[in-house]
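Trainee: Could you look at this predicted model? Sequence included:
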Amino acid sequence: MQLMQQEQLLQQSQTAFDAYYDALGASLVNFVERLGIQPAHEVLTNAAEYLPYIDAAMRTIVIRDESWQWVKTMLGYFIGEYFVQGHAGCWYVETRAESPHFCRTMVGGFEHGLPLDAAIDPEQLALDFLAQAVPRELAKLIEVTQARLC
């Protein structure tokens with residue numbers, strides 16, 4: 001890929017990331033509310049406490065239409081926030097062209113509990129989760145991901 005193409009792709013990814021990140025808080029709260037979990041807004045500060053409830057809600061859900069894209073995004077938000085909050089990490093766009101995650105929205109920069117260079121692609125994890133046969137376990141996916149990062 002030429003440098004000009006890389007820079008253009010990166011700029012597009014950063015613009016998309018800004019919109020994605022701006023929507024994160026309100027969208028995640030809305031998702032938790034739609035699952036019937038209250039108080040929904042506390043997911044933004046205590047994601048780990050919501051894992052058992054979101055796990056239970058997602059365990060047997062069957063998505064037959066285009067709403068899977070929305071659910072994938074919402075689960076990506078939740079998985080990302082789970083790791084950001086639990087390990088003092090941050091959301092970012094991968095800018096290294098040599099990375100297999102180039103231009104992807106990632107979570108990393110963890111300050112405690114995980115290696116400094118550890119990173120996850122929350123939307124890919126959400127997609128992997130939704131591709132599993134039911135019943136699927138979100139808590140297990142998070143546990144395996146955490147173990148893989150250490």
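Mentor: Structure's in. What do you need?
Trainee: any chance you could map the helices in the chain?
Mentor: 3-34, 47-58, 67-87, 122-131, 138-149 (DSSP state H).
Trainee: With mean neighbour count added, can I get these in a markdown table?
Mentor: C-beta: built from backbone N, CA, C; applies to glycine. Below are the helices of the chain laid out as a markdown table (neighbours: other Cβ atoms under 10 Å):
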| stretch | mean neighbour count |
| --- | --- |
| helix 3-34 | 14 |
| helix 47-58 | 17 |
| helix 67-87 | 20 |
| helix 122-131 | 18 |
| helix 138-149 | 15 |
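Trainee: can you list those helices in TSV and add mean pLDDT and distance to residue 101?
Mentor: Listed next are those as TSV, based on pLDDT from 0 to 100; distance: least, Cβ to Cβ, whole Å:
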stretch	mean pLDDT	distance to residue 101
helix 3-34	96	11
helix 47-58	97	22
helix 67-87	95	13
helix 122-131	95	8
helix 138-149	96	14
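Trainee: Residue 88 contacts residue 111, correct?
Mentor: Yes: here residue 88 reaches residue 111: they are 3.7 Å apart, a contact under Cβ atoms under 8 Å.
Trainee: Look at those two and report which has more neighbours.
Mentor: Neighbours were counted for residue 88 and for residue 111 using other Cβ atoms under 10 Å; residue 88 has more, 13 against 10.
Trainee: Quick check: chain neighbours aside, which residue is closest to residue 93?
Mentor: Excluding its sequence neighbours, the residue lying closest to residue 93 (Cβ to Cβ, 6 or more residues apart in numbering) is residue 17, at 4.7 Å.
Trainee: How about the contacts made by the one you found?
Mentor: Going by Cβ atoms under 8 Å, 6 or more residues apart in numbering, residue 17 touches 91, 92, 93, 105.
Trainee: again, only using 10 Å
Mentor: 91, 92, 93, 103, 104, 105, 106 (Cβ atoms under 10 Å, 6 or more residues apart in numbering).
Trainee: closest to residue 41 out of the helices of the chain?
Mentor: Closest approach to residue 41 among these is made by helix 3-34 (5.2 Å; Cβ to Cβ).
Trainee: now the angle from that closest one to helix 67-87?
Mentor: 90 degrees (axes from the mean of the first three to the mean of the last three Cα atoms, to 10 degrees).
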